[in-house]
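Chemist: pasting the sequence and the predicted model now:
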Amino acid sequence: MSQRSGERMRTTRGNSKEERLPRLPVSIFEKVLIGNVAVVLFGAVVGTLVTREFFRIQEAALAFGFSFGGVLLSAAVNYTLLRIAFRPLYQLRDTISKITQGDRQARAIESSDDPLIHDLSASFNQMVDALETSRREASRMIIETQEQERKRVARELHDETTQDLASLAIRTELLRSKLHDPLLVQAVAELQEEIERTLTEMRRITYDLRPSMLDDLGLAAAIHWYVQHRVDSEQVQVDLQVDELPRYDSSLETAVFRIIQEAVSNAVKYAQMHHLEIHVHEQPSGKQLQVLISDDGVGFDPSSVRTEASGRGLGLYGMRERAETIGAHLEIQSSPGNGTKILLVVPIPQEQWEERSDADARLVSG
Amino acid sequence: MPTRVLLADDHVIVRQGLAAILKDDDRFEVVAEADDGEQAVRLAKQLHPDVVVMDIRMPNKNGLEATKEIHEALPDCHVVILSMYDDQEYVRAALAAGASGYLVKNTAASHLLAAIEEVQNGLSYLDPMAAKRVIESYTHPSVGGTRSREVDLLTSREREILVLIAQGLTNAEIADRLTISIKTVQTHITNIMTKLNLHNRVDLTRYALQNGIAE
């Protein structure tokens, strides 16, 4: 108890001491400038006094005028020179503020003659690069872990709980067929209805976590299913064109599906659209997958949404992250009043399309 | 002679339930039960059952692949798919794999006997829910079959820059012409190359000429 209060006292004293220190609200630049001006001023004043003392010039006012003008002039020259000299630092500051605002590609210019500034910029860039690399790695891991966890829970629900319920439904049906008392038949029928409702709910939860179609039937079926369930075709005219796609790597299928899911879900939530276009096209060479999600809704300003920490901002952020994990190019074109167009260009890893063209060649030759 | 049935489902209790239904009726006989797709194919080839009742999600080989193999190897053996899902996509995939029947698990008990009987007679049997999905697939836009058209990948600005590249302008000249910075021009060109999967200016020029973007 006493120890703790002693600690607190020390802390308090430390703080008050710090507070007593004079804090000059001036930048390094201003300090150097003030220092320079002070030196010049001191030189001029002393010079003038010395001159006056020894040479007895009567026009003191003129002498002061000259020295005052000299001071002003040298201050101006000083200002300009310092401004130029400090330019790399200003640029560094601008780079930092760009990065803070979300431009993760911004880097400091390293071509300075001053070795100190050069080193500063270079190590700053190294630091930002390292942070960016670990940030990417971290978000890739978060996305992956979340997806794995969703997959695991969905599978468990499907393989255990839902199957148990299904078997319960089968057995209740069997039981009902053997009953003769209408009251009992009625009671069992109600029981069946309840099982049915629970099953439907269970399926909904499983699909929300991760549609089993994505694993069982692939990307095209999953996209098709999602769009039909998410978009009300009474309200919105949907133009859905999905190529018959081969099976890709699971991580690629998942990323593309999740990006489309987010884009369509955003359009449904925010766009107030009448028309939604979704095209998923595989280049005939099989080397690239092209996705377009376009609506005629109210649109938005992508740069202002980017800073939103929740909802749509987070969703768009997630889309970018997912695109990055599969090396895809994601473009979000939108402005208020002009709808939204989302373009995703996915490179198909070489071993996947090579494998297929080999298989095609065998088919042709065989 | 009773209809010989093979049950393939990795969930023992579901299989037991179905077996119990079939045992109650002497028109049917369960000849074997399989835990996974591979075993189902092997047992089918070995025992030549009249009908296979098959789950979709199974380890080793899923029910759709197993159906395809059985359908190809044993044309007289009919497959009834038994699934947790009644979605259009699953029903279509099952029928495409060669299944003659489709049942949704929770209502399977009331349809199982009829389904086995119908498919054994060379007919088809769809659970009413599955049938509804198939009908819906005609009234809703459908997946696959038709090839979607090439996606228009370039923005109008990128198109503009592509034309200038094809005309042989340098980045500096393009920047000058469009009054944007050289860095912006470079970013645009990188984006164009990524999107078109091209890697140099010669390819870009060729693309622009071939696709009528530039003359």
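Modeler: Yep, that arrived.

Chemist: what strand or helix carries the residue located most distally from the centre of chain B?
Modeler: Relative to the centre of chain B, the most outlying C-alpha is that of B:Asp176, 50.6 Å out, by CA atoms, centre = their mean. Per DSSP states H and E: B:Asp176 is located in helix B:171-178.

Chemist: name the residues that touch that helix?
Modeler: Helix B:171-178 has contacts (CB atoms under 8 Å, 6 or more residues apart in numbering or on different chains) with B:160-161, B:164-165, B:169, B:181-182, B:184-186, B:189. The C-beta positions use only the backbone N, C-alpha and C, and glycine is treated the same way.

Chemist: again, only using 10 Å
Modeler: Helix B:171-178 has contacts (CB atoms under 10 Å, 6 or more residues apart in numbering or on different chains) with B:157, B:160-161, B:163-165, B:167, B:169-170, B:180-186, B:188-189, B:201.

Chemist: from A:Arg87, how far out is the residue farthest from the centre of chain B?
Modeler: Per CB to CB, to the nearest Å, B:Asp176 is found 25 Å from A:Arg87.

Chemist: could you do A:Val153 as well?
Modeler: Distance of A:Val153 to A:Arg87, given as CB to CB: 56 Å.

Chemist: next: A:Leu316.
Modeler: A:Leu316 sits 35 Å away from A:Arg87, going by CB to CB.

Chemist: ok, the two, which is more surrounded?
Modeler: Set side by side, A:Leu316 and A:Arg87 show more neighbours around A:Leu316, with 21 against 13, by other CB atoms under 10 Å in any protein chain shown.

Chemist: and the helix or strand harbouring the more buried one, average pLDDT?
Modeler: Using DSSP H and E, A:Leu316 sits within helix A:311-325. Computed over helix A:311-325, the mean pLDDT rounds to 84.

Chemist: past that helix, which element shows up next along the chain?
Modeler: strand A:329-334.

Chemist: CA atoms only: put stretch B:16-36 into PDB for me.
Modeler: What follows is stretch B:16-36, C-alpha atoms only, in PDB (Å, rounded to 0.1, in the frame of the first residue of the first chain):
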ATOM      1  CA  GLN B  16     -30.100 -47.600 -40.700                       C
ATOM      2  CA  GLY B  17     -33.300 -45.600 -41.000                       C
ATOM      3  CA  LEU B  18     -33.500 -46.300 -44.700                       C
ATOM      4  CA  ALA B  19     -32.600 -49.900 -44.300                       C
ATOM      5  CA  ALA B  20     -35.400 -50.200 -41.700                       C
ATOM      6  CA  ILE B  21     -37.900 -48.800 -44.200                       C
ATOM      7  CA  LEU B  22     -36.800 -51.300 -46.900                       C
ATOM      8  CA  LYS B  23     -36.700 -54.300 -44.600                       C
ATOM      9  CA  ASP B  24     -40.400 -53.700 -43.800                       C
ATOM     10  CA  ASP B  25     -41.300 -54.300 -47.500                       C
ATOM     11  CA  ASP B  26     -40.400 -57.700 -49.100                       C
ATOM     12  CA  ARG B  27     -40.400 -56.200 -52.600                       C
ATOM     13  CA  PHE B  28     -36.900 -54.900 -51.700                       C
ATOM     14  CA  GLU B  29     -33.700 -56.300 -50.400                       C
ATOM     15  CA  VAL B  30     -30.700 -54.300 -49.200                       C
ATOM     16  CA  VAL B  31     -27.700 -56.200 -50.700                       C
ATOM     17  CA  ALA B  32     -25.000 -54.000 -49.200                       C
ATOM     18  CA  GLU B  33     -24.200 -50.700 -47.500                       C
ATOM     19  CA  ALA B  34     -21.300 -48.400 -48.400                       C
ATOM     20  CA  ASP B  35     -19.600 -45.700 -46.200                       C
ATOM     21  CA  ASP B  36     -18.100 -43.600 -49.000                       C
END
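
Chemist: how about it, does it reach chain A?
Modeler: Yes - Stretch B:16-36 reaches chain A (CB under 10 Å from any CB of the partner chain) through B:16-18, B:20-21, B:24.

Chemist: just those residues now: which is nearest chain A?
Modeler: Proximity of these to chain A was ranked by CB to the nearest CB; the top entry is B:Gly17 with 3.9 Å.

Chemist: excluding residues flanking it in the chain, which one is nearest the residue of the stretch 51-200 of chain A found nearest chain B?
Modeler: Closest contact between the stretch 51-200 of chain A and chain B, by CB to the nearest CB, is at A:Glu173 (3.2 Å). Closest residue to A:Glu173 apart from its sequence neighbours, by CB to CB, 6 or more residues apart in numbering or on different chains: B:Ala109 at 3.2 Å.
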